[in-house]
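**Student:** Structure for the following, please:
(2 chains)
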Amino acid sequence: MSLELNDIRKSYIEPGGRKLPVLAIDRFQLSDAEQVALVGASGGGKTTLLNVVAGITSPDSGSVLVNGFNIAGLPEPARDRFRAEHIGFVFQTFNLLPAFSALENVLLGMSFAGGKCSRQDATELLNRVGLEKRLHHRPGQLSVGEQQRVAVARSLANSPALLLADEPTASIDTANQNNVLQLIRDACSERNVSLLLVTHSPEVASQFGRVEQLHDFNKPGEAP
Amino acid sequence: MNLLTIAYKSIRQRALASSLTALSVALGVMLMVTVLVIYGLVDDMFRRSGTGYDLVVGPKGAKLQLVLNTIYRVSQPIENLPYRFYRELKEDPRVGIAIPVALGDRTELNAFPIVGTIPQYFTVEYMPGKKFGIKGDLMRDPFHAIIGSTVARQNGWDEGSKFKMVHAGTDDHVHDEEFTVVGVLGRTGTPDDKTVFVHIDGFYLIDGHDKPLGEAVRREAEFFGEEVDEQALQKMIDEEDSHDHHSDDGHHHHGIHEAQKEVTAILVRTKKPIMTPMFQAEMNEGIQAQAVNPIREISWLMENIVGNVRRIFVVLTALIIVVSGVGIFVSIYNSMADRRREIAIMRALGARRATVFSIILSESVLLCFTGGLLGVLMGHGLVFIAAPIVEARSGLLIDPYGFEPLELVLIPALIILASLVGFVPGMTAYRTDVAKTLGD
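**Tutor:** I've put the predicted structure just below:
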């Protein structure tokens, strides 16, 4: 899946009523099945950018073209549906639901896409991330590394074309960081999934063939 | 994974709080079901018992008291009517069936009411299309008795059992005369089940049931507005005094003048329904007695007195259920602060606003529905347990398997309540700002 951002502008209104520009991207492109590391400092708009790409937040202006289709112009329910069906999301803090087992967390990801929830597919995904013996454990019963693996499996539940990863290794110990990162990259490669991974870690970024510095193309201070 | 499963998992996460709120709904519903079922059964029992006869004829006085005493064997008899009045009424061309009843005494064991009547009582349908089933025989001797099914069960009596009766009044005097059970009635679901019927002739033969001859003749003459021939009366009294009143079989046998016999009421069925209103009107115009339509009196009682009590109970229990609903609201609403992040995660995974709203609403509905279902079961369980106790203490026959159609409205009403109380927390979920919440 290709991703193309054109003339994206996004501002927040501060408590005093003043506008705070966060994104001002003239153009950003991601090719089909490409894996890109996006590096930026805290508060630089990385998460906002991912939210805009995922359709969680609407840009003030500009277009977000996914395979040439502008999702920024869609109403919210349609963006939600598009996200559920085509975009996977891995969060920094895993964001697993504590009431649900590992298997159920993956099934939950499937249920919002409107298709059928296949226990077999969910089980295979968890097997793929090495959790075949932890299917029925709840997040509280899993290690931090295992929780992130469940989150990776969940992000792949609906066979997305684009995977967005927001600092996916930031909350994991160094020993597990590479494993999880490799897992995400391998899973995307196997499925031809485009990957946009946000990180502030040069070590993580160094493993990607293409690394973009957010401040190189995001110039909110220069926005008109 | 459907919405209900997701809602159920969330409820399970807060098992204690969820169980307590569902239990509070269950208790409210249990009380309402109990009130509805018991009232329904009492209403049914009262209406059913009164349909066998067109009119109850008795002394002037409170109409409702006459019906309650004659048919339901509660309250005290108003007064008595002369037996001659019954005999003359029976001859009225409009009267098809006239059954005299004499009430007052009770059994020594378990204090079941005793009714003196004639064998014809058991050959008449006690309600349209329903005839008495009798195991044994009808009363053919003055000291024969037929007992209701509850009496037989509770007292352990059967054909051949003998019993004595306790005189109505304050002295609890046990009469010497002994009655023999010759028949046991099948269950009717009416007060007859817990009544002992004795032959009316035997009722009069009991020592103390016949008034002194002089007093009885004067009362009868006064009732009919006639003069008393004092000389003839004195002669009758002298003859009465010279008789030997005791026989070898231990019973207090002696001849009884008709004036000494009195009935507390007469159950009447007219030959044609069209005759009933006119017969009743004529009876009520006179000064001797009144004729009361038992169905009308019971309807009045159920609608104006019992019905109001029922309405109060239903309103109170409905309030309890509403308060339970508020409990569910508080429980879910308080949990929303902790669950804002879960909602945001679901939204980030692609759940629409309407979906998360529906999940919260489903939680509310699940709690109310489960509580309601549990309450219905508990309510019927309570009726089942309470039925024999209520029957023993109040005399009201309660079917432990009784069902009130209004119960069918309860669960849909609970779902509406759940939707109302789940709306505000649902809207909180609906309005969750995903980016901000995940950022926090």
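**Student:** Under a three-state scheme, what state does residue 64 occupy?
**Tutor:** Picked chain A for this. Classification of residue A:64 by DSSP: H, G, I helix; E, B strand; the rest coil places it in strand.
**Student:** Residue A:53 is in contact with that one, correct?
**Tutor:** Yes: taking Cβ atoms under 8 Å as the definition, residue A:64 is a contact partner of residue A:53 at 6.0 Å. Heads up, the C-betas are built off the backbone N, CA and C, glycines and all.
**Student:** anything in contact with each of those two?
**Tutor:** A:3, A:5 (Cβ atoms under 8 Å, 6 or more residues apart in numbering or on different chains).
**Student:** so where does residue B:329 fall, helix or strand?
**Tutor:** helix B:307-348 (DSSP states H and E).
**Student:** Report all helices and strands that the helix or strand following that helix contacts.
**Tutor:** As assigned by DSSP H and E, the chain's next helix or strand after helix B:307-348 is helix B:353-394. Other elements packing on helix B:353-394 under the criterion 3 or more Cβ pairs under 8 Å, 6 or more residues apart in numbering or on different chains; DSSP states H and E are helix A:76-86, helix B:3-13, helix B:15-49, helix B:307-348, helix B:407-430.
**Student:** Tell me which strands the following helix or strand past the third one pairs with, and in which orientation.
**Tutor:** Beyond helix B:15-49 on the C-terminal side, the first helix or strand identified by DSSP H and E is strand B:55-59. Using DSSP bridges, strand B:55-59 pairs in its sheet with strand B:265-270 (antiparallel), strand B:289-292 (antiparallel).
**Student:** Dump those strands into a markdown table; add mean pLDDT and mean neighbour count as well.
**Tutor:** Shown next, in a markdown table, are the strands paired with strand B:55-59 (pLDDT from 0 to 100; neighbours: other Cβ atoms under 10 Å in any protein chain shown):
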| stretch | mean pLDDT | mean neighbour count |
| --- | --- | --- |
| strand B:265-270 | 93 | 22 |
| strand B:289-292 | 92 | 22 |
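**Student:** can you put those in CSV and add distance to residue B:122?
**Tutor:** Shown next, in CSV, are the strands paired with strand B:55-59 (distance: least, Cβ to Cβ, whole Å):
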stretch, distance to residue B:122
strand B:265-270, 12
strand B:289-292, 23
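**Student:** Select, out of these, the one closest to residue B:226.
**Tutor:** strand B:289-292 (16.2 Å; Cβ to Cβ).
**Student:** Follow the chain on from that closest one and name the next helix or strand.
**Tutor:** helix B:294-300.
**Student:** and of the strands paired with strand B:55-59, who's closest to residue B:141?
**Tutor:** strand B:265-270 (22.6 Å).
**Student:** sorry, back to before: looking at the helices and strands packed on helix B:353-394, which one is packed in the most?
**Tutor:** Most buried of those by mean neighbour count (mean count of other Cβ atoms under 10 Å in any protein chain shown) is helix B:15-49; its value is a mean of 21.
**Student:** Quick one: residues contacting the closest residue to chain B within chain A.
**Tutor:** Nearest to chain B, among the residues of chain A, is residue A:84, at 2.2 Å (Cβ to the nearest Cβ). Neighbouring residues of residue A:84 by Cβ under 8 Å, 6+ apart: A:112-114, A:158, B:349-351.
**Student:** let's see it at 10 Å
**Tutor:** Contact partners of residue A:84, counting by Cβ atoms under 10 Å, 6 or more residues apart in numbering or on different chains, are A:55, A:109-115, A:157-158, A:160, B:347-352, B:355.
**Student:** Weed out the non-buried ones from those residues.
**Tutor:** A:55, A:109-113, A:157-158, A:160, B:347-352, B:355 (16 or more other Cβ atoms under 10 Å in any protein chain shown).
**Student:** tell me which residues in the lowest-mean-pLDDT helix or strand in chain A are buried?
**Tutor:** Using mean pLDDT, DSSP states H and E, the weakest-scoring helix or strand in chain A turns out to be helix A:214-217, at a mean of 84. Across helix A:214-217, burial judged by 16+ other Cβ under 10 Å covers residue A:214.
**Student:** No further queries at this time; thank you.
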